[in-house]
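1. one predicted model, sequence on top.
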Amino acid sequence: MALLNIKERNNLNIITAESYETLSKMASQFIIDEVNSKPNATIGMATGGTPLQMYQLLQEDYKQNGTSYCNVTTFNLDEYVGLAKDNPNSYYQYMKKHLFNHIDIEQNNVFIPNGESKDLVEECNLYERYLLEKGPIDIQILGLGSNGHIGFNEPGTPFSSKTHVVELTDSTRKANARYFDNLDQVPTHAITMGIDTIMRAKKILLLVSGKNKSNAYEQLLHGKISEQFPVSVLRNHPSVHIIADMSSLESVTIRV
Ligand SMILES: N[C@@H]1[C@@H](O)[C@H](O)[C@@H](COP(=O)(O)O)O[C@@H]1O
C-alpha cells in the first residue's frame, strides 16, 4: 500500500526485492520480456557492479531458452575517455565479457561511445545521430551513483544535455577505482549520454542495490527535482520502473 502511494506521488513504479539475487532475476526478466515481445528492440545498457548478475542471468536464459538478440540493437550509456578498446576496464570490454560474447547479438547493432576518438565532440554528435536514427530506446537500464549520477551525468548537469564529454568527480573516480590497480589509473573524463538523451527512452529501468545507495535513493523518493541531483529527473518521465533491494533501503523512510 505504501509503495502504491509512492508511485502515485512521484510517478515511479517501485519494486522492492528482498535480495540482490531477486533484483537481478526481476531485472533480467524485464529485459527478456521486452525482447520476446519486440525482437528488434533497442536497449540502453548500463555498466557498473549493479547489473552484473542481471547480465549473467541473460546469458543463462540465452543458453537455456534461446532468447535471440540477433535483431536487437544496444546503446551503452557511457565510456571512459582514453582507454583503449582492449583495456579490460573499458566499458567495451565489460559488455563483451559480461554479455555480448555469450549471446547472438550482431556486432553492427552494438553502439558504445568511442572514448579513443581524436575528436570527442564529433564522436558525441555522431552518437546522438545514431540514437536518432536507430532509436528511440525501448528500455534504458540505469544504475545509480551514490551522488545521484546516472550514466556519468554528475550533479549540475543540465537536464537538456545530450551526449557529451564530462570531467568525472573525485567521488565517482574513487568509487570506480576498485576496478583499477590504483586511483591514478582511473580516467579523468568520460563520454556519456546526456540527461535529455536518457529521458527520450520509452521506458527506464533503474536498479538500486547496496547500502551506499540508500541516501541517494531516499533523496530520489523524497527530495526535490533538481539538476544538482541528476537521477531526480526520472520523476518527470512517464514510465520509470525501479527495482531496489533491501540493502539499499536501510535509511529510506517510506513516507506516504
Ligand atoms: N558510469 C557508471 C554508472 O552508469 C553506474 O550506474 C554507476 C554505479 O555503479 P555501481 O553499480 O557499481 O554502483 O557507476 C558508474 O559511474
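-> In hand now; what should we look at?
2. what about residue 78, how many neighbours?
-> Residues contacting residue 78 under the criterion other CB atoms under 10 Å number 24. In this view, the C-beta of every residue, glycine as well, is placed from N, C-alpha and C.
3. enumerate every residue touching it.
-> By CB atoms under 8 Å, 6 or more residues apart in numbering, the contact set of residue 78 is 47, 91, 113, 151-152, 190-193.
4. now residue 174: how far from the ligand?
-> 11 Å (CB to the nearest ligand atom, to the nearest Å).
5. hang on, the earlier thing: separate out the buried members of the contacts of residue 78.
-> Among these, those buried by neighbour count (16 or more other CB atoms under 10 Å) are 47, 91, 113, 151-152, 190-193.
6. just those residues that are near the ligand?
-> 47, 151-152 (CB under 6 Å from any ligand atom).
7. which members of those residues occur in helices, if any?
-> Applying DSSP state H to these, no entry is found in helices.
8. turn those into a markdown table, including pLDDT.
-> Formatted as a markdown table, these follow (pLDDT from 0 to 100):
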| residue | pLDDT |
| --- | --- |
| 47 | 97 |
| 151 | 97 |
| 152 | 96 |
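9. need the residues you listed in JSON lines (columns: distance to residue 109).
-> Listed next are these as JSON lines, based on distance: CB to CB, whole Å:
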{"residue": "47", "distance to residue 109": "18"}
{"residue": "151", "distance to residue 109": "20"}
{"residue": "152", "distance to residue 109": "23"}
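10. who touches the residue of the stretch 51-200 of the chain found nearest the ligand in this structure?
-> Closest to the ligand within the stretch 51-200 of the chain is residue 143: 2.5 Å, counting by CB to the nearest ligand atom. By CB under 8 Å, 6+ apart, the residues touching residue 143 are 46-51, 150, 206-208.
11. now render these as TSV, adding distance to residue 101.
-> Below are the contacts of residue 143 laid out as TSV (distance: CB to CB, whole Å):
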residue	distance to residue 101
46	18
47	15
48	19
49	19
50	20
51	16
150	26
206	26
207	22
208	27
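12. now residue 99. Nearest residue, chain neighbours left out?
-> Nearest non-adjacent residue to residue 99, counting by CB to CB, 6 or more residues apart in numbering: residue 55, 4.6 Å away.
13. so that neighbour: helix, strand or coil?
-> Using DSSP: H, G, I helix; E, B strand; the rest coil, the structure places residue 55 in helix.
14. residues near it, how many?
-> 25.
15. my guess is it meets residue 96, correct?
-> No: under the criterion of CB atoms under 8 Å, residue 55 is not in contact with residue 96, lying 11.0 Å apart.
16. what is the neighbour count of the nearest residue to residue 230 once chain neighbours are set aside?
-> Leaving aside its chain neighbours, residue 230 sits nearest to residue 153 (4.6 Å; criterion: CB to CB, 6+ apart). Residue 153 sits with 27 neighbouring residues when counted by other CB under 10 Å.
17. leaving out sequence neighbours, find the closest residue to residue 112.
-> Residue nearest to residue 112 in three dimensions, not counting chain neighbours: residue 76, with 4.2 Å by CB to CB, 6+ apart.
18. for the one you found, give me its contacts.
-> 44-47, 91, 95, 111-113.
19. and for residue 205?
-> Residue 205 touches 27, 30-31, 139-142, 241-243, counting by CB under 8 Å, 6+ apart.
20. who does it form a beta bridge with?
-> residue 141, residue 241 (DSSP bridges).
21. please enumerate the helices of the protein.
-> Using DSSP H, helices in the chain cover 2-10, 20-37, 52-65, 91-98, 120-134, 170-176, 195-199, 214-222.
22. worst mean pLDDT among those?
-> When mean pLDDT is averaged over each of the helices of the chain, helix 2-10 scores lowest at a mean of 54.
23. quick check: residue 204 touching residue 241?
-> Yes: if you go by CB under 8 Å, residue 204 and residue 241 touch, sitting 7.0 Å apart.
24. in terms of neighbours, single out the busier of those two.
-> More crowded of residue 204 and residue 241, by other CB under 10 Å: residue 204, with 23 against 17.
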